[in-house]
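Engineer: can you look at this prediction? I've put the sequence above it.
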Amino acid sequence: MEVRARAPGKIILAGEHAVVHGSAAVAASIDLYTYVSLRFPTPSDNHDTLNLQLKDIGLELSWPVGRIKEAFPESSGCITSSPTSCPPDTLKLIATLVEEQNIPEAKIGLAAGVTAFLWLYTSVQGYKPAKVVVNSELPLGAGLGSSAAFCVSLAAALIALSDSGNQDFSREGWLTFEDSQLELVNKWAFEGEKIIHGKPSGIDNTVSTYGNMIKYKSGGLARIKSNMALKMLITDTKVGRNTKALVASVSERAVRHPNAMTAVFTAVDSISNELATIIQSASSADLDIVEKEEKVEELMEMNQGLLQCMGVSHASIETVLRTTLKYKLASKLTGAGGGGCVLTLLPTLLSGTVVDKVIAELESCGFQCKIAGIGGNGLEICFNISSS
Ligand SMILES: Nc1ncnc2c1ncn2[C@@H]1O[C@H](COP(=O)(O)OP(=O)(O)OP(=O)(O)O)[C@@H](O)[C@H]1O
Ligand SMILES: C[C@@](O)(CCO)CC(=O)[O-]
Ligand SMILES: [Mg+2]
């Protein structure tokens, strides 16, 4: 028996970072997925290892289950239904298990993801031997929510094959979870995100779990029904960054300048709320659509200015902004910033020739552009009985 889970990445249209400090943010899923496959060996396989293959980085890690039990004997694998944070002592014990794998220095940023894997795996499945394979269509660490898609798809695969999973394995194709299970997956994924991000708001795992478009504020989620065909160009600056460090740097700035930063976060809150209202409002004529797009562009520019105030822009992001502005197009960073990806709104009436030109100019700077589908399905799972 094998289960596969897939969870989408995301773009944040407004409100990143400020959402960590209580402001509203607007996010949408994109049609790029992370896939996790989970398979338990049959008794005749005689395997007693937990094997993790991270295909995107060409890394295969393996732990004898006895070694995991010895390192942290308290995990029972029966707490599936009550997601809990990894206690600091356990985090240290897991860190030794990760260190023993001698992950190459160049890939050390991945250690947090592996730690999150071990916490989620042992919490839901205990010390069962298994083979877990991860691969993704998302760039890792580029602002498109790869960490959340990783945690959501992993939590879903683990829960689907847990004793309380209640799944009908004979159903075929990609399936959705029931609401109660989606909620459970989302909570476990949030615990994984805490290990990777330090202090996540929960927006990334929530939009990856539920898909579509959401407005999110301090744990509260409102689904948005878009009345606009938003077309976004996503430019990956290819400058690597780390969400945990960027989130921490904004918090430090907020401690140094509490009044100014509170004003910045309040302004972002208003931008996100206005953006959500515009996206949801009905439009009748072409003119109306143009007006709405112009407002969205202006709000994106204002949000970008405030992200600069927070200190999370980057020279590469500024290059994208300058380049797209030459074509009168508005852009903002998406996700944690510091490099990573930038969004540019492509208005409905923009000619294909202009789109081609702007992409060519951005790519001549060494950036990579794509137009992703926005607002599709969230988490889905698929069973493969024949591989038992
Ligand atoms: N497919 C994957 N395989 C292994 N590890 C992954 C994978 N996807 C994400 N990760 C883990 O997530 C980390 C990247 O998360 P990070 O939060 O820094 O960036 P992001 O989620 O892509 O961007 P953002 O949080 O700004 O949306 C990686 O270093 C790794 O630990
Ligand atoms: C930077 C941030 O706001 C979004 C990262 O995609 C962090 C978070 O909300 O967890
Ligand atoms: Mg992340």
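Structural biologist: Received, thanks. Ligands and ions are numbered 1, 2, ... in the order given.
Engineer: can you tell if the strand or helix carrying Lys194 touches ligand 3?
Structural biologist: Element membership for Lys194 (DSSP states H and E) is helix 179-197. No: Helix 179-197 stays clear of ligand 3 (Cβ under 5 Å from the ion), getting no nearer than 5.8 Å. Just so you know, the C-beta spots here come from the backbone N, C-alpha and C atoms, and that holds for glycine as well.
Engineer: which residues of this structure lie near ligand 2?
Structural biologist: Contact residues (Cβ under 6 Å from any ligand atom) of the chain with ligand 2: 12, 16-17, 19-20, 145, 197, 200-201, 203-204, 243, 247, 335-336.
Engineer: give me the contact list for stretch 50-68.
Structural biologist: Outside stretch 50-68, the residues that touch it by Cβ atoms under 8 Å, 6 or more residues apart in numbering are 48-49, 75, 97, 101, 103, 107, 110, 113-114, 117-118, 121-122, 127-136, 140.
Engineer: pull the contacting residues for the residue in the stretch 101-250 of the chain positioned nearest to ligand 1.
Structural biologist: The nearest approach of the stretch 101-250 of the chain to ligand 1 comes at Gly113, 2.5 Å away (Cβ to the nearest ligand atom). Residues in contact with Gly113 (Cβ under 8 Å, 6+ apart) are 54, 147, 150, 196.
Engineer: what pLDDT is listed against it?
Structural biologist: Per-residue pLDDT puts Gly113 at 96.
Engineer: circling back: mind listing what's buried in the helix holding Lys194?
Structural biologist: For helix 179-197, the neighbour count (16 or more other Cβ atoms under 10 Å) marks 181-182, 184-197 as buried.
Engineer: which residues of the stretch 151-300 of the chain lie near ligand 3?
Structural biologist: Thr243.
Engineer: give me the residue ranges of the stretch 151-300 of the chain where confidence is low.
Structural biologist: Counting by pLDDT under 70, the stretch 151-300 of the chain contains low-confidence residues at 165-166, 285-287.
Engineer: on that earlier part again, which one of the residues of the chain next to ligand 2 sits closest to Glu2?
Structural biologist: Set against Glu2, the nearest of those by Cβ to Cβ is Gly145 (25.1 Å).
Engineer: just checking, the closest one touches Gly335?
Structural biologist: Yes: with contacts counted by Cβ atoms under 8 Å, Gly145 reaches Gly335, the gap being 6.8 Å.
Engineer: quick one, which of the two is more surrounded?
Structural biologist: More crowded of Gly145 and Gly335, by other Cβ atoms under 10 Å: Gly145, with 32 against 29.
Engineer: domain parsing for the chain?
Structural biologist: The chain breaks down into these domains under automatic domain parsing: 2-222+375-387, 226-371.
Engineer: just to revisit the earlier point, could you list which of the buried residues of helix 179-197 also contact ligand 1?
Structural biologist: Residues of the buried residues of helix 179-197 in contact with ligand 1 (Cβ under 6 Å from any ligand atom): 196-197.
Engineer: and Leu379, how far from ligand 1?
Structural biologist: Here Leu379 is placed at a distance of 15 Å from ligand 1 (Cβ to the nearest ligand atom, to the nearest Å).
Engineer: what's the burial count for that residue?
Structural biologist: By the criterion of other Cβ under 10 Å, Leu379 has 28 neighbours.
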